[in-house]
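Visitor: Have a look at this fold, sequence not included:
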């Protein structure tokens, strides 16, 4: 398995930006399809974005398309989520996830998870 550790969360005002990072260790990072999810209090965990092994293919949830950008640096074993134009409804715990699988990004099932990082957007 790959171990994942998120960082970069915090508090930001509406309209602001944050960049989350997810550091991977334990296995070959470049062999994993990666994704970001989030979970707001009292709600289910929601998919946000996914990225193929080399970063050549991406897939976004409609709720974040155009505002969030997923990327990876395989040399640094790190996944990123650049978030801009943040809204109070983006407040949640953000998780990165990995799957040792390839294929159609919307159909990938993830089985490696980080512990999450809190993002709070104030109005």
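Guide: Arrived safely, thanks for sending. Keep in mind that this is a model prediction, so the values were computed, not measured.
Visitor: what's across from the most centrally placed residue in the chain in the sheet?
Guide: Central residue of the chain (Cα atoms, centre = their mean): residue 36, 2.3 Å from the mean position. Beta-bridge partners of residue 36, counted by DSSP bridges, are residue 49, residue 96.
Visitor: which ones are touching residue 87?
Guide: Residue 87 sits next to 14, 121 when contact means Cβ atoms under 8 Å, 6 or more residues apart in numbering. From N, CA and C alone the C-beta is placed, and that goes for glycine too.
Visitor: Let me know the distance separating it from residue 69.
Guide: 16 Å (Cβ to Cβ, to the nearest Å).
Visitor: Quick check: pLDDT value at residue 68.
Guide: Among the per-residue scores, residue 68 holds a pLDDT of 98.
Visitor: Check whether it really touches residue 60, as I assumed.
Guide: Yes. Contact criterion Cβ atoms under 8 Å: residue 68 and residue 60 qualify, at 6.8 Å.
Visitor: any common contacting residues for these two?
Guide: Among the neighbours of residue 68, those also in contact with residue 60 (Cβ under 8 Å, 6+ apart) are 48, 49.
Visitor: how about stretch 103-119: buried residues?
Guide: Using 16 or more other Cβ atoms under 10 Å as the test for burial, stretch 103-119 gives 105, 108, 110, 112, 114, 116, 117, 119.
Visitor: Residues in a beta bridge with the fourth one, which ones?
Guide: So that's residue 112. Beta bridges link residue 112 to residue 98, judged by DSSP bridges.
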